[in-house]
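J.: Predicted model, plus sequence, below.
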Amino acid sequence: MVQNFKIGKYLILRRITQIGILLLFTFKSTEFILFGNLSSSVLLNSIKLSDPFAYLQIFLASFTLNFEFFLSALVIFLLYAVFLGRAFCAWVCPVNLITNFAELIRRYLKPAKLTNFKANTRYFLLFSFLLASFLFSEPSFEKISHIAIITRGIIFMQSSAIFVGILIFLADLFLQRNLVCSHLCPLGAFYSLISRYSLLKITYNLDKCTKCAKCINICPEPQVLNLVTKYSGKVLNPECIKCARCVDVCDDDAINFNLINFVKGKK
Ligand code: SF4
Ligand code: SF4
């Protein structure tokens, strides 16, 4: 068995959600539920949804305000900023399927780390793409987005998705653990920046913890678990992608989601 890898209920729920969203986009018969792609879609034939990072790039590129487009991006912005935090990365983005698979193989092969990108590189890339959108009057990240290529490739069966998917897989497998999602992706950085005050948080209970460190070992963003073995509380770092892999591996019920407690008014 691979060290600390566990197929828990949240992993199964995440895969159902990720694949379910892709299937809804793919089939003509489900267009009335969800139509489009992850950049721009229509829910239930009436609610327009747009990627707020794409909106920001297009706004910086054109400096024109399309109110309908703005509202469609605002819906998604509020969904993540107020409720779900950076959950897009773990529950929606199809790249996560590739990078999680690369990590699983990495745990078997244990290859050496060949690059040393810092987690903050993604913020540099985020602001670089925004600046480039402004300077070159076009949405610069959207032009090359690996997320858009993979998503469109799956929906429309394009071979470009296979090529980009293999590149992402090899980068995560041989260069550095979670290189693409935890170090380079500007969209992940964007969702981290807007997620500081989101309601959905992971909670940690020091009294139940047996200090096995399985959660830190499995977490794709281990810096967010700096409270583990030190004090009880919420994981406040917005880089947490709400994947709940820490919840799935913890045998001591020391880590949990706390949205339900929030709704009930408990601490
Ligand atoms: S929270 Fe759970 S998984 Fe993490 S160190 Fe404590 S007991 Fe282990
Ligand atoms: S703290 Fe838990 S939910 Fe957050 S990124 Fe790490 S493993 Fe995923």
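T.: Great, that's in hand. Residues are numbered from 1 along each chain as shown. Ligands and ions are numbered 1, 2, ... in the order given.
J.: contacts and neighbour counts: CA atoms only from here.
T.: Noted.
J.: Please report how far the nearest residue to residue 257 once chain neighbours are set aside lies from residue 213.
T.: The spatial neighbour of residue 257 that comes closest, neighbours along the chain excluded (CA to CA, 6 or more residues apart in numbering), is residue 202 at 4.6 Å. As for residue 202, its distance to residue 213 is 16 Å (criterion: CA to CA, to the nearest Å).
J.: Compare those two (neighbour count), which wins?
T.: residue 202 (23 against 16; other CA atoms under 10 Å).
J.: residues touching the nearest residue in space to residue 40 that is not next to it in sequence, list them.
T.: Distance criterion CA to CA, 6+ apart; nearest residue to residue 40, sequence neighbours excluded, is residue 50 at 4.4 Å. Contact analysis of residue 50 by CA atoms under 8 Å, 6 or more residues apart in numbering lists 38-41, 69, 72-76.
J.: and what of residue 49?
T.: 40-43, 72-73, 75-76.
J.: Can you add neighbour count and give those residues back as JSON lines?
T.: Shown next, in JSON lines, are these (neighbours: other CA atoms under 10 Å):
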{"residue": "40", "neighbour count": "17"}
{"residue": "41", "neighbour count": "20"}
{"residue": "42", "neighbour count": "18"}
{"residue": "43", "neighbour count": "14"}
{"residue": "72", "neighbour count": "20"}
{"residue": "73", "neighbour count": "22"}
{"residue": "75", "neighbour count": "17"}
{"residue": "76", "neighbour count": "16"}
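J.: between those residues, which is nearest residue 5?
T.: Of all the contacts of residue 49, residue 5 sits closest to residue 76, with 31.6 Å by CA to CA.
J.: Okay, and the closest one sits in which element?
T.: helix 67-78 (DSSP states H and E).
J.: Packing partners of that helix?
T.: strand 47-50, helix 52-62 (3 or more CA pairs under 8 Å, 6 or more residues apart in numbering; DSSP states H and E).
J.: now the next helix or strand after that helix, how far from the chain's geometric center?
T.: Per DSSP H and E, the first helix or strand lying C-terminal to helix 67-78 is helix 88-91. Put simply, helix 88-91 sits 4 Å off its chain's centre (CA atoms, centre = their mean, to the nearest Å).
J.: is helix 88-91 up against ligand 2 anywhere?
T.: No: using CA under 6 Å from any ligand atom, we find that helix 88-91 stays clear of ligand 2, coming within 7.9 Å at best.
J.: Give me the buried positions along the next helix or strand after that helix.
T.: Downstream of helix 88-91, the next assigned helix or strand under DSSP H and E is helix 95-109. For helix 95-109, a neighbour-count test (16 or more other CA atoms under 10 Å) marks 95-100, 102-107 as buried.
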